[in-house]
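K.L.:
I would like the atomic coordinates for the input below:
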Amino acid sequence: MKPQTGLCYILLLAFLALSFNARSQYDPKDICRIDNNRVIFKLSRNWSSAEKKEVMNQFDLDSTLLAEAFTGKAEITVKKVKWMVKKLDDSRVELSKPMDGGPSLDQGDVYMLDDRWINAAGIEERESAAFGINILSLYKVFNYHNGTATFFLPERKYARNIYIAGSFNNWSTMQTPMIRCDSGWFITLKLKPGKYSYKYIIDGKWSPDPYNKLSEDDSQGDLNSIIFCYNYRFFLPSFYSSKKVLLAGSFNYWNPDELKMIRVAGGWAINLYLREGTHAYKFIVDGKWTLDPTNTVRRPDGTGHENSFMSLGDTMFFVLKGNTAVKQVNLAGNFNVWNPSELSMLKINGGWQLPYVLAAGNYEYKFILDGRWITDPDNPYTTGSGNERNSFLAVKPNHLFSLEGHAGARKVLLSGSFNGWKKDGYEMKLNEKGTWVFPIYLKPGKHTYKFIVDGKWITDPANELWEANGYGNSNSVIWIEQ
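P.N.:
A predicted model of the protein is given here:
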């Protein structure tokens, strides 16, 4: 069978099963199937608005189809595509349309359509790693420069088609064909710095990159290749007579044997991916831990020594108002492993201040006033209780949880899969409109949650998406798009 426009041999329904079952309680085979060279969708009048939206997004169906499907018409034309309507019962119908060219498809055959209409949910992983270096057995198979990544697969001269699929294209199986050249196949992509997983699809067969030694379990019994697009270069000048120089820092948990630097003109260097944020580091020169002589930003490590510090990203400011009679104010949080002596705040008019860089995410912190730990008095968002109660900060929040109708409650907490379902979860703030709110950063994908109103657990009354939780009740569900 030869490949044709809009149709190639690999998997439609199996692919839909993987992507759709991860998001819904439905089996995609109950909604979409192929029979007698037609694509058939089974729709229900009883779906909620949220369920309708999920089905439309997953299968890229036009909203007009669902609006017209139950009007009694035997035929619907939407965007010049003619759909046949078959009534199954009072609440269900089938919509079908012919395949666009290609070989005839029989029921039970498994194929893959041009998947630009599938809209599978990708997994956000670009910033999931604190750092990364590539380990390639053939250096020319990957290159990254000025935001452009070039993937190269040598040989394979007898292959008919090769595609690349990965987290950078939402694992599309047909959107990114590689180009044949005299020595193999290549593709150039515009990518931001970060971590990406990928595979090659060689004449329909999925394969990790044979020249890439970095891989992860793909949860399907196979491996995904892992590549990093670099954004930072550490450089140590001089030390020409040294035999071995390594880099260690907070980003790799101070592993002294992991990041070997290379001798270059003028000194030693290493290129790597480094996530946005503030990072402590040192060089290890022939076994001796050494500060960066070109970097004047140094802070105590809590053991009587110092570390060099560098930052990537936007600078924010931690501010503590008042307390001008205090001699020393430090900042500590989960972003610096709660080191109480590392981050000394600067005294300013009317208080204390510290500029700091943090990547998008959720953080906990406290101020330390002459040895006394306190939460931020100007931050209403906290988590935990008692001595474990900390101030909460969302950097670049992408969602606002809100609960209306409980303005008289004494305390409302937010708990869910994103904070381990803690009973003393995130304390919400009552705004001037009588709504409890909580800003947060959530990674793309599915999250479950509940509110705790004066000790009583409730689902979100404004959210129609929910799922059974195995305890005889339900949890609210939210999806964060990539």
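
K.L.:
three-state assignment of the residue nearest to N307 when sequence neighbours are not counted?
P.N.:
With sequence-adjacent residues excluded and distances taken as C-beta to C-beta, 6 or more residues apart in numbering, N307 is closest to A280, at 4.0 Å. All C-beta spots, glycine's among them, are computed from the backbone N, C-alpha and C. What DSSP: H, G, I helix; E, B strand; the rest coil gives for A280 is strand.

K.L.:
show me the contacts for A280.
P.N.:
For A280, the contacting residues are G249, S250, R299, D301, N307, S308, F309, N336, E342, by C-beta atoms under 8 Å, 6 or more residues apart in numbering.

K.L.:
quickly list what it is bridged to.
P.N.:
Per DSSP bridges, the residues bridged to A280 are F309.

K.L.:
N419: which of the contacts of A280 is nearest?
P.N.:
N336 (20.1 Å; C-beta to C-beta).

K.L.:
poorly predicted segments of the stretch 351-482 of the chain, please.
P.N.:
For the stretch 351-482 of the chain, the stretches flagged by pLDDT under 70 are 482.

K.L.:
hey, where'd the strands end up in it?
P.N.:
Along the stretch 351-482 of the chain, the segments classed as strands by DSSP state E, counting those that start in this stretch run 351-357, 361-369, 372-374, 382-383, 390-395, 399-403, 412-416, 426-427, 429-430, 436-440, 445-453, 456-458, 466-468, 474-480.

K.L.:
please apply the same query to the stretch 101-250 of the chain.
P.N.:
Going by DSSP E, counting those that start in this stretch, the stretch 101-250 of the chain shows strands at 112-113, 131-132, 142-145, 148-154, 162-166, 179-181, 184-190, 194-202, 205-207, 215-217, 223-229, 232-237, 245-249.

K.L.:
and the third one, what's buried?
P.N.:
Put plainly, it is strand 142-145. F142, Y144 (16 or more other C-beta atoms under 10 Å).

K.L.:
partners of it in the sheet?
P.N.:
Here strand 142-145 is paired, per DSSP bridges, with strand 148-154 (antiparallel).

K.L.:
show the pLDDT at the residue nearest to N307.
P.N.:
On the pLDDT scale, A280 is placed at 95.

K.L.:
ok, it to L153 distance?
P.N.:
Distance, A280 to L153, by C-beta to C-beta, to the nearest Å: 39 Å.

K.L.:
circling back to that earlier point, dump the strands of the stretch 351-482 of the chain into CSV; add distance to P177 and mean neighbour count as well.
P.N.:
As requested, the strands of the stretch 351-482 of the chain are exported to CSV (distance: least, C-beta to C-beta, whole Å; neighbours: other C-beta atoms under 10 Å):
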stretch, distance to P177, mean neighbour count
strand 351-357, 39, 17
strand 361-369, 36, 20
strand 372-374, 57, 12
strand 382-383, 48, 20
strand 390-395, 38, 21
strand 399-403, 36, 17
strand 412-416, 40, 23
strand 426-427, 46, 22
strand 429-430, 50, 16
strand 436-440, 39, 21
strand 445-453, 28, 20
strand 456-458, 50, 13
strand 466-468, 38, 13
strand 474-480, 30, 18
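
K.L.:
among the ones you listed, which is nearest S91?
P.N.:
Short answer: strand 466-468, nearest of the strands of the stretch 351-482 of the chain by C-beta to C-beta, at 21.0 Å.

K.L.:
contacts for the closest one next, please.
P.N.:
The contact list for strand 466-468 (C-beta under 8 Å, 6+ apart) reads Q25, T448, T459, S474, N475, S476, V477.

K.L.:
any regions of the stretch 201-350 of the chain where pLDDT drops low?
P.N.:
If you take pLDDT under 70 as the line, the stretch 201-350 of the chain has no such spans.

K.L.:
recalculate using a threshold of 80.
P.N.:
Low-confidence segments of the stretch 201-350 of the chain (pLDDT under 80): 302.

K.L.:
quick one, helices of it?
P.N.:
Per DSSP state H, counting those that start in this stretch, the stretch 201-350 of the chain carries no helices over any range.

K.L.:
roughly how far does the residue nearest to W466 when sequence neighbours are not counted sit from I452?
P.N.:
Nearest residue to W466, sequence neighbours excluded (C-beta to C-beta, 6+ apart): S474, at 4.5 Å. Distance of S474 to I452, computed by C-beta to C-beta: 15 Å.

K.L.:
who touches the closest residue to L88 other than its chain neighbours in this structure?
P.N.:
Distances taken as C-beta to C-beta, 6+ apart place E94 nearest to L88, at 6.2 Å, with adjacent residues excluded. Each residue near E94 by C-beta under 8 Å, 6+ apart is listed here: I40, F41, K42, L43, V85, K86, L88.

K.L.:
one more pass at 10 Å, please.
P.N.:
Each residue near E94 by C-beta atoms under 10 Å, 6 or more residues apart in numbering is listed here: 33, 35, 40-43, 69, 83-88.
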